[in-house]
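Student: quick check, what structure comes out for this input:
(chains A and B)
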Amino acid sequence: MANITKKVSWSSRPDETGATGETTPLLNGSEQPRHSRQVELMSGEGAIFHIGRHGAGDLEEEMTTEEVKSEGRPKEIPHNEKLLSLKFESLDYDNIENQLFLDEERRMSYMGFRCLEISRWVICALIGFLTGLIACFIDIVVEQVAKVKYNVIKENIETFTEAGGLSISLILWAVLNCSFVIVGAILVAFFEPIAAGSGIPQIKCYLNGVKIPRVVRLKTLVVKVCGVICSVVGGLAVGKEGPMIHSGGVVAAGVSQGRSTSLKRDFKIFEYFRRDTEKRDFVSAGAAAGVSAAFGAPVGGVLFSLEEGASFWNQMLTWRIFFASMISTFTLNFVLSVYHKKPGELSNPGLINFGRFESDVGDFFTSIFHSSTVLQAELLLCLMSAVLFCRYVHRPCLQVMEATLVAAVTAAVSFTMIYFSNDCQPLAPDNTEVYQLQLFCADGEYNSMATAFFNTPEKSVTSLFHDQPGTYNPLTLGLFTLTYFFLACWTYGLAVSAGVFIPSLLIGAAWGRLCGILLFWCSTWADPGKYALIGAAAQLGGIVRMTLSLTVILVEATGNVTYGLPIMLVLMTSKIVGDYFQEGLYDIHIKLQSVPFLHWEAPATSHWLTAREVMSSPVTCLNKIEKVGTIVDILSNTSTNHNGFPVVVQVMEGDVVILCGLILRSQLIVLLKHKVFVELARSRLTQRKLLLKDFRDAYPRFPPIQSIHVSQDERECMMDLTEFMNPTPYTVPQETSLPRVFKLFRALGLRHLVVVDDENRVVGLVSRKDLARYHLGKHGLEELHLAQT
Amino acid sequence: QGKNTKYSVLLLALLTLNTIYMVQADSPNPAPDMSSLFSTSLMSSFPEDLEISGYCKELLFFFKQRYVTFVDCLILAARPVKVCQNCSSSYSRLQDIYRNISDQVGPGNESCRDSLLSSDRLMVVYQLYSNLQDLWTSSNCESNLTNDTLNFLSTLNQTLTCFEKYQLGNHTELCKSCKKMYGDVNKLYGRMEKNDTMCIDLEDAMNMTRRLWSKNFNCSLPRDETVPVLAVSSFMLFLPVIFYLSSFLHSEQKKRKLIHRSLLDRYSIKAAGDGIFSVR
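Tutor: This is a model prediction of the structure:
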């Protein structure tokens, strides 16, 4: 994290800091170390170089007191989307080329590097395989449980249609839905809140370089998978495709490390990959594998992780990612074919099957007409995001209650719609997979509203795509679209793990089919099923705003390249129209969570900003040979939860201190834990030299500083950082413009960028938050506020 | 009866073989005579080994006869569908002759398989037969007769008689009195449908009965529970309103503590000490 100096007096509200304990753990006596640091600062022992932009010490004092006076207490505002949270940290994508690293590289043979390369491939294969298996598991369990549920309700409805008392079936339906959803919501709300939603925003942030706490843990995966099953079976307006991407990411992060911290098992393999850099590569492979398992779109998966995650194109990495996604979709396909008792007949490449579409030249023209109707769908999107904002429900029990209520309402609304629908259609010969309800229709016919509501959303989508023209009447479709839209909006904000892909596809498909039917009246050559496809693409594109990857995903899911152009045109239109009103759903989500997310480009009108204005200063620096006590104090200072410390060295002339390296908090903690002190090394000559392995073993959960005990004697020892610091950190001069700094950050995945003057003295430090704060708003360049959450 | 037909087919096949044998014995090569009928269009006849033998020609003739019989039967039984009932025997006869052509070997180890079925692009015999075969498969006539089927047929007949009885009078009376019988048929049919595929005759008969019942006589179930259903669902719709209102009133939105650090402030700092750095 950045060395952000807080000019706010935290001591004024001790009770408030207590509330934030989870993210910034407090010391037992949090007042005390701060106090001592203050004393040290005042007495100016020279142990800490406090480098500021201002000349004299008293000036700073003046400023501080002024600020304390003017502010008194931290300003509080309601949560909104224009904040940046301090709780998020960056990932270290920059390789630390310290002495240890160089030693290890020297020791490693040519064969060693070959083995590393091979094990990367092996890991990718494993990632694909496991992701595919997880997808199968979700699919099979959902299918089986849904079958039981729908059959019970169906039988119940059939008996009560005759005997009277349909309200009992309604209650049964609602109770069944609620009980599934309660389980899912309890899992999410009480065990792992990060597993809520689709997880795509979180993975996006992770790939962008933001460390979201607990996002790639095994527990998250388990909760996610169970949660998805519960919420889909519970009949909510959700899909199981989005969470696959998150699941793939978690699988990748787990497999590549060769151990699980949650299970306390270390398989002693793949130890080389226990670094943020390597892990990120694998997580992007996992995300790709997830997409490819969800939609049967391996190329789309690769493009997804390139579009959303990667900051630069790496040929070998891309090739490996592609391998992972191919394996994933093949595994899913193969296992499902065995499950369906047709081994070898590989016809289920993804969780959702769009089925086959025939190519037809007419589509090119019709789709372009159609894209104009997309405009209206986009308008509705604004409503969807509005629902996101007004959430007053924070406590877990309330979240569970809310989810339950939504499940009940979904059941009630669906039942009422089915009950009052007069749209009866004759039974199709071979629709055995779809649950059909007769209700008040003539014998041998079924209620067509029920095909849409009384089924898992995937099946409804497929029937909207492929049912014969004339299967649905326009009124049914219109009502369905409207109801389902509101339900989907409402459901999206719930604390259940579920995706938004399928609901939006479903809304779009219904909407598109409606348009198709209306056109069908004027001209006879329009196939409503194709309109459904185009509508689905438009709606999905309007909601997630992905471009290239979504086009490829949809083309692959339809299995027909001819549809590429229509789908692309529609996605372009919906993106243009949507961007005019509102950002994409995932971006809104990221903003609401106050994540310091770096987009592709710096804001357009920011060239006048220089590093001097952007950076944080003053910076807490460390000496090359530093006293242990000082380090412990700095690290345990909760008010300045810094993560990177420039290491400086005093040159001969005395006063001038120049930059010679950069060291991270995690490294310092490992050093303290192993007590790598100069004095000890002298006394015990036999002491083992610290290796890079020791740092990797502590990764990724470095212990907090509070858990490391340093005795009073040891505090007086000295620590030599020369071997461990990164001797060549990236630096920029003060006059560097913001876009230039931004480019460095985005392309290299930096965490800290030291700003130096022309004599290589540390002036300030630029971190991710300093850059993410600037964004282009409606009135030019805007600055986000930093906030404690 | 099935056995009988089989026997007769066997006999027929034997007879055929006999006649063919005799024909061959009489005139070893009758082909030129036959082809001379068509000589106006195709002038020359082919060398002996490329022509089809008399045996094969005979088989082809029988195939034609049986094919025509079967198609005749199909067309007559098309509506209302009685295909399975009427045409099973003629289909099995057609099947036999086709099997003769394709699998069996005639006298002198002679097989007509290649010469009749696949010696040209059109493959008329094969195509004709496979078309009918597809039709037959989709009619599901091969599904076995069980006690259920017989039971079903009798109940269906009873129901239809019942319909006939009350047809002229008030339909509500018909609905009331035939309801039990109709329900039985429906239930039986549902059970049979679940177990295995139904033959088209039964399916069609049931479809017609159902249409009579719900469309012609209007005996479908009435929608008479609107009030309770509406009450329950509106109660459920009402719950979230209470929930959101209460949580809106009782809890407030999370407040975020701002860390004040805007450009403006730092400008003032910069103005205060521009460009001078010192170590304290």
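Student: drop to CA atoms for contacts and neighbour counts, all remaining ones
Tutor: Noted.
Student: now the stretch 1-150 of chain B against chain A: closest residue?
Tutor: residue B:138 (11.2 Å; C-alpha to the nearest C-alpha).
Student: what comes into contact with the helix or strand hosting that residue?
Tutor: Here residue B:138, judged by DSSP states H and E, is contained in helix B:124-139. Under the contact criterion C-alpha atoms under 8 Å, 6 or more residues apart in numbering or on different chains, helix B:124-139 has outside partners B:84, B:98, B:116, B:117, B:118, B:199, B:200.
Student: which non-adjacent residue is nearest the first one?
Tutor: The reference is to residue B:84. residue B:141 (5.3 Å; C-alpha to C-alpha, 6 or more residues apart in numbering or on different chains).
Student: what is the burial count for residue A:707?
Tutor: 10 (other C-alpha atoms under 10 Å in any protein chain shown).
Student: name all residues that make contact with it.
Tutor: Per C-alpha under 8 Å, 6+ apart, neighbours of residue A:707: none.
Student: cool, residue A:485 as well?
Tutor: By C-alpha under 8 Å, 6+ apart, the contact set of residue A:485 is A:503, A:507.
Student: tell me which element it falls in.
Tutor: Per DSSP H and E: helix A:474-492 holds residue A:485.
Student: could you give me the buried positions within that helix?
Tutor: Neighbour counts over helix A:474-492 (16 or more other C-alpha atoms under 10 Å in any protein chain shown) mark A:474, A:476-478, A:480-481, A:483-492 as buried.
Student: circling back to that earlier point, which parts of the helix or strand following the helix holding residue B:138 are buried?
Tutor: Downstream of helix B:124-139, the next assigned helix or strand under DSSP H and E is helix B:147-166. Judged by neighbour count using 16+ other C-alpha under 10 Å, the buried positions of helix B:147-166 are B:149, B:152, B:153, B:155, B:156, B:158, B:159, B:160, B:162, B:163, B:166.
Student: same deal with stretch B:215-224?
Tutor: Buried residues in stretch B:215-224, defined by neighbour count with 16+ other C-alpha under 10 Å: B:217, B:218, B:219, B:220.
Student: surely residue A:167 is in contact with residue B:228?
Tutor: Yes - with contact defined as C-alpha atoms under 8 Å, residue A:167 reaches residue B:228; the gap is 6.0 Å.
Student: tell me which of these two has more neighbours.
Tutor: Counted by other C-alpha under 10 Å, residue A:167 and residue B:228 do not tie: residue A:167 has more neighbours, with 22 against 14.
Student: what helix or strand is that one located in?
Tutor: Here residue A:167 is assigned to helix A:166-186, by DSSP H and E.
Student: domain boundaries for the chain, per the record?
Tutor: If you meant another chain, say so; for now it's chain A. A:2-88+A:609-787, A:361-588 (automatic domain parsing).
Student: oops, chain B please
Tutor: Taken from automatic domain parsing, chain B resolves into B:2-28, B:51-139, B:147-216.
Student: mind telling me which of the ones you listed the model trusts least?
Tutor: Mean pLDDT is lowest for domain B:2-28 among those, at a mean of 45.
Student: what is the neighbour count of residue A:697?
Tutor: Neighbours of residue A:697 (other C-alpha under 10 Å): 14.
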